[in-house]
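**Student:** A structural model of the following input is requested.
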Amino acid sequence: MGLQNHTLQIGNSTSATLADLGIVDCVVDATSAGDDKMTLTLPRSMQAADLIPAFTRVILRDWTNTIRFTGWCLDPRGEATGNKEERRYTILGPQALLRGKVFRQRCKIPADPTVFTTTFVDAWNSDVILNRWNDAGTSTMKVADQIVEALEWFILAWAGYSDATIAGLGYAAAVTAAQAGAPITWDVSQVADLYPPGSQAQSRFCWDVIRDQMRWMPLLACRWLYNTSDAHPILHFHNNRGTAVNNAGNAVISSDVVSRVLDVTAGNVTGWNWTARPDILLSRVRITWVAYIENVEPGDSDTVRYWRKYVVDDSTQGNGSFFEIDQTIELQPGQLLDDGTFAVPEEAPASGLAASMHAPFKTLSYDFEWKTKGQEVNWDPLPGELWKAVNAAPELSNQWSMCQSISRDIRTGTTSFKCGTPTHLGLDDKLALVRADRLRRLHRHLHHGMGMSAVPASTSGDGSVKNDKPPGHQRKTAGLPLCDGNTVNVFVAS
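**Tutor:** Below is the predicted model of the structure:
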């Protein structure tokens, strides 16, 4: 039972049972945010370096030889637990690999940055634009595509491909070649289409990019699926978008959402507890998109007046709460050519963003937690699934709650569950994402070699505009009064 029926494979060595390896306790934690880990406890007399060297892959299998966890040991020294004669070692899940590679993005730079030229080449830079507009300026990158871009860069970095190698193979061919030796795969098929506003970031790890995207969609869970034949875990995104309420007030679960029912009176259920969460109810999420409309002053072609235009994306719910979020996001203005046409169109407001962010906070939610105990832990449930409790309080008769974390104590056969509000998204995180001052920088389209004149702008390596444009394309700064009395400085083509 337990330690005798689970085996551990360390690196390329032959698997051995946890008991035979001298492990006295093993706990595996999985979350809906993909932060998985395994904690091993060994006698203090055992040296971890003798058991698991640093950066070694560790695979845990159950009594059916099914893989239940794959992780990497980052600290072979372990941690003493008080005065006990034992040491505890933490094996981090595959997210540790994604935390180790800085996300870089393809951009355009001049072949010779010392002179003005129309010849540009591909380069990869850690100063990135998340959810950037495409080259045609028709739409921003949706959440699923931004997640995939971060994952693709990770496997390119893992394979050790240089910029020259990627350029020589071509980006798509390089990604295909790198997938053969990648330690992970992914599935984003359930990620709904959502196009957040672009934002600039620097030196973000691939895992941070993925987590930022998930915060736009609080009902999106990501979990690692380990039970594959090739020991390559799958980063699987699970969307509970199918949850709805019918006219009778009953929850309706669509067929693509995994739902489970818990009988709290069952003999193997202990520690049942539930809490109502009116503290996180929001009656409204409102996003005000601000655009700047340009008009040339009549009779004075050198003076341009900018007017503010507002577009409101509103999600409301009559739930009795008097708390709300009201945020303003400035839209990127279009980039004009000398003939008055746009090199890059004006940015459009993202559709459905307020509703997506409001979804988990519209109706009263409940946090559940409980434990089950048996001869072995229960490996079937996964984070991100929906649970409903029966034979519990009347308030819970029609309440579905997302499973946020599962902890499995292999030695005792105890499986602990926590369901409720998404743990990967707090209100502070939502507010940080929609602050206008971190979402906008003027040169964001220059990563694609687009300037403010009919000739592509000469750019430095970081995408900023150089001051050595040829005659006829000099910039000048004009102080432009806004309709509300404010004044901004912008660049206009002469």
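**Student:** so residue 157, which state does it fall into?
**Tutor:** What DSSP: H, G, I helix; E, B strand; the rest coil gives for residue 157 is helix.
**Student:** that one and residue 70, how far apart?
**Tutor:** 19 Å (Cβ to Cβ, to the nearest Å). In short, each C-beta sits where N, CA and C put it, glycine included.
**Student:** repeat that for residue 23.
**Tutor:** 17 Å.
**Student:** what do you get for residue 238?
**Tutor:** Note on residue 238: its distance to residue 70, by Cβ to Cβ, is 19 Å.
**Student:** worst mean pLDDT across the helices and strands of the chain, which element?
**Tutor:** Sorting the helices and strands of the chain by mean pLDDT, DSSP states H and E puts strand 475-481 at the bottom, at a mean of 33.
**Student:** between the two ends of stretch 376-388, how far is it?
**Tutor:** With Cα to Cα, to the nearest Å as the measure, stretch 376-388 spans 23 Å from end to end.
**Student:** what about that stretch, distance to the chain center?
**Tutor:** Offset of stretch 376-388 from its chain centre (Cα atoms, centre = their mean, to the nearest Å): 22 Å.
**Student:** and that stretch, what's buried?
**Tutor:** For stretch 376-388, the neighbour count (16 or more other Cβ atoms under 10 Å) marks 377, 379, 381-388 as buried.
**Student:** equivalent analysis for stretch 38-47, please.
**Tutor:** For stretch 38-47, the neighbour count (16+ other Cβ under 10 Å) marks 38-42, 46 as buried.
**Student:** what ranges does the chain have for its helices?
**Tutor:** 48-51, 95-98, 143-158, 163-169, 171-179, 206-215, 353-358, 427-433 (DSSP state H).
**Student:** pull the contacting residues for residue 175.
**Tutor:** Contact analysis of residue 175 by Cβ atoms under 8 Å, 6 or more residues apart in numbering lists 152, 155-156.
**Student:** redo the residues you listed as JSON lines? Include pLDDT.
**Tutor:** Listed next are the contacts of residue 175 as JSON lines, based on pLDDT from 0 to 100:
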{"residue": "152", "pLDDT": "95"}
{"residue": "155", "pLDDT": "95"}
{"residue": "156", "pLDDT": "95"}
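**Student:** which among those residues count as buried?
**Tutor:** Burial by neighbour count, judged by 16+ other Cβ under 10 Å, picks out 152, 155-156 from the contacts of residue 175.
**Student:** pick the one among the residues you listed closest to residue 123.
**Tutor:** Nearest to residue 123 among the buried ones among the contacts of residue 175, counting by Cβ to Cβ, is residue 156 at 13.8 Å.
**Student:** so how far is residue 69 from that closest one?
**Tutor:** When distance is defined by Cβ to Cβ, residue 156 is 26 Å away from residue 69.
**Student:** how about the nearest residue to residue 38, chain neighbours excluded?
**Tutor:** The shortest distance from residue 38 to any non-neighbouring residue, by Cβ to Cβ, 6 or more residues apart in numbering, is to residue 91 (4.3 Å).
**Student:** quick one: pLDDT of the one you found?
**Tutor:** pLDDT recorded at residue 91 is 92.
**Student:** before we move on, what about residue 238?
**Tutor:** pLDDT recorded at residue 238 is 84.
**Student:** run through the bridge partners of it.
**Tutor:** Note on residue 238: beta-bridge partners by DSSP bridges are residue 221.
**Student:** give me every residue that touches it.
**Tutor:** Taking Cβ under 8 Å, 6+ apart as the test, what residue 238 contacts is 190, 220-223, 258, 382, 384-385.
**Student:** still on that earlier bit, of all the helices of the chain, which one is nearest residue 278?
**Tutor:** Nearest to residue 278 among these is helix 427-433; the distance by Cβ to Cβ comes to 14.0 Å.
**Student:** which residues in the stretch 1-150 of the chain form strands?
**Tutor:** Secondary structure of the stretch 1-150 of the chain, counting by DSSP state E, counting those that start in this stretch: strands at 7-10, 16-17, 25-31, 37-43, 56-61, 67-73, 79-80, 86-92, 105-110, 120-125, 127-130.
**Student:** mind putting these in a markdown table, distance to residue 207 included?
**Tutor:** Shown next, in a markdown table, are the strands of the stretch 1-150 of the chain (distance: least, Cβ to Cβ, whole Å):
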| stretch | distance to residue 207 |
| --- | --- |
| strand 7-10 | 24 |
| strand 16-17 | 31 |
| strand 25-31 | 13 |
| strand 37-43 | 14 |
| strand 56-61 | 18 |
| strand 67-73 | 13 |
| strand 79-80 | 23 |
| strand 86-92 | 11 |
| strand 105-110 | 16 |
| strand 120-125 | 18 |
| strand 127-130 | 14 |
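**Student:** which one of those has the poorest average confidence?
**Tutor:** strand 79-80 (a mean of 62).
**Student:** got the buried residues for stretch 94-102?
**Tutor:** By 16+ other Cβ under 10 Å, the buried positions in stretch 94-102 come out as 94-98, 100-102.
**Student:** which two in those residues are spaced the farthest apart?
**Tutor:** Greatest spacing in the buried residues of stretch 94-102, by Cβ to Cβ: 94 and 102 (17.2 Å).
**Student:** distance check, residue 57 against residue 130.
**Tutor:** The gap separating residue 57 from residue 130 is 30 Å, by Cβ to Cβ.
**Student:** before we move on, what about residue 9?
**Tutor:** Between residue 9 and residue 130 the computed distance is 37 Å (Cβ to Cβ).
**Student:** the two: which has the busier surroundings?
**Tutor:** residue 130 (22 against 17; other Cβ atoms under 10 Å).
**Student:** write down the beta-bridge partners of that one, one by one.
**Tutor:** Beta-bridge pairing for residue 130 (DSSP bridges): residue 199.
**Student:** gap between it and residue 155?
**Tutor:** 19 Å.
**Student:** next: residue 380.
**Tutor:** Here residue 380 is placed at a distance of 30 Å from residue 155 (Cβ to Cβ).
**Student:** okay, the buried residues of stretch 376-388 in a markdown table with distance to residue 274 and pLDDT next?
**Tutor:** Conversion of those to a markdown table gives the following (distance: Cβ to Cβ, whole Å; pLDDT from 0 to 100):
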| residue | distance to residue 274 | pLDDT |
| --- | --- | --- |
| 377 | 23 | 94 |
| 379 | 24 | 94 |
| 381 | 18 | 93 |
| 382 | 21 | 92 |
| 383 | 18 | 91 |
| 384 | 19 | 89 |
| 385 | 17 | 90 |
| 386 | 15 | 90 |
| 387 | 11 | 92 |
| 388 | 12 | 91 |
